[in-house]
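*Asks:* What follows is a predicted protein model with its sequence.
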Amino acid sequence: MAQAPKLNRNPLIRYALLAIGWLSVALGVIGIFLPVLPTTPFLLLAAACFMRSSERFYLWLTSHPHLGPWIRDYLDGEGIPLKGKIYAISLMWLSIGFSCYLVPLFWARTFMLTSAVLVTLYILRQKTRASL
């Protein structure tokens, strides 16, 4: 399996990470049924938050029969399915494009486009799996 949890000792940070983790799990589960919400990034964020806040929730999430495979394959270095890459990049660029249309500030558009380019490059550099 992947790395062992590295718990944060600050209780305020741990509770914030737990809250973000559970919100990410909720959004990830909704994303399974809602095509405009990506599942994998939210579940990976939840796993990262739980890894630093709760070993119990981290183990629960990574060993969950339905949610675990979304995370384990990525953490074990098996990569991201091609369909997931296309889906994530397409939706990201669609939402960034729409946001750039709505936001007239040059600096905000520059930040959004730079972020989109960097995330796209990161996703493309990840190993590609045949299917989920």
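*Replies:* Yep, it's here. Small disclaimer: the values here were computed from a predicted structure and weren't measured.
*Asks:* Relative to Pro81, how far out is the closest residue to Glu78 other than its chain neighbours?
*Replies:* Of all residues not flanking Glu78 in the chain, Arg129 sits nearest, at 5.7 Å (Cβ to Cβ, 6 or more residues apart in numbering). Every residue, glycine included, has its C-beta placed from N, CA and C. Distance check for Arg129 against Pro81: by Cβ to Cβ, to the nearest Å, it reads 5 Å.
*Asks:* gap between Thr40 and Ala26?
*Replies:* Shown here: Thr40 relative to Ala26, a distance of 15 Å by Cβ to Cβ.
*Asks:* Neighbour count: the two, which is higher?
*Replies:* Thr40 (20 against 12; other Cβ atoms under 10 Å).
*Asks:* in the longest helix along the chain, what's buried?
*Replies:* Looking across the chain with DSSP state H, the single longest helix is helix 11-33. Of the residues in helix 11-33, those with enough neighbours to count as buried (16 or more other Cβ atoms under 10 Å) are Arg14, Leu17, Leu18, Ile20, Gly21, Ser24, Val25, Leu27, Gly28, Val29, Gly31.
*Asks:* tell me what it is packed against?
*Replies:* helix 39-53, helix 55-63 (3 or more Cβ pairs under 8 Å, 6 or more residues apart in numbering; DSSP states H and E).
*Asks:* what's the offset of the helix or strand following the shortest one from the middle of its chain?
*Replies:* Proceeding N to C from helix 55-63, the next assigned helix or strand is helix 68-75, under DSSP states H and E. Counting by Cα atoms, centre = their mean, to the nearest Å, helix 68-75 is centred 11 Å from the centre of its parent chain.
*Asks:* what's the spacing between Ala116 and Arg125?
*Replies:* 15 Å.
*Asks:* same check, this time on Phe111
*Replies:* 21 Å.
*Asks:* So for these two, which sits in the more crowded spot?
*Replies:* Of the pair Phe111 and Arg125, Phe111 is the one with more neighbours under other Cβ under 10 Å, namely 12 against 7.
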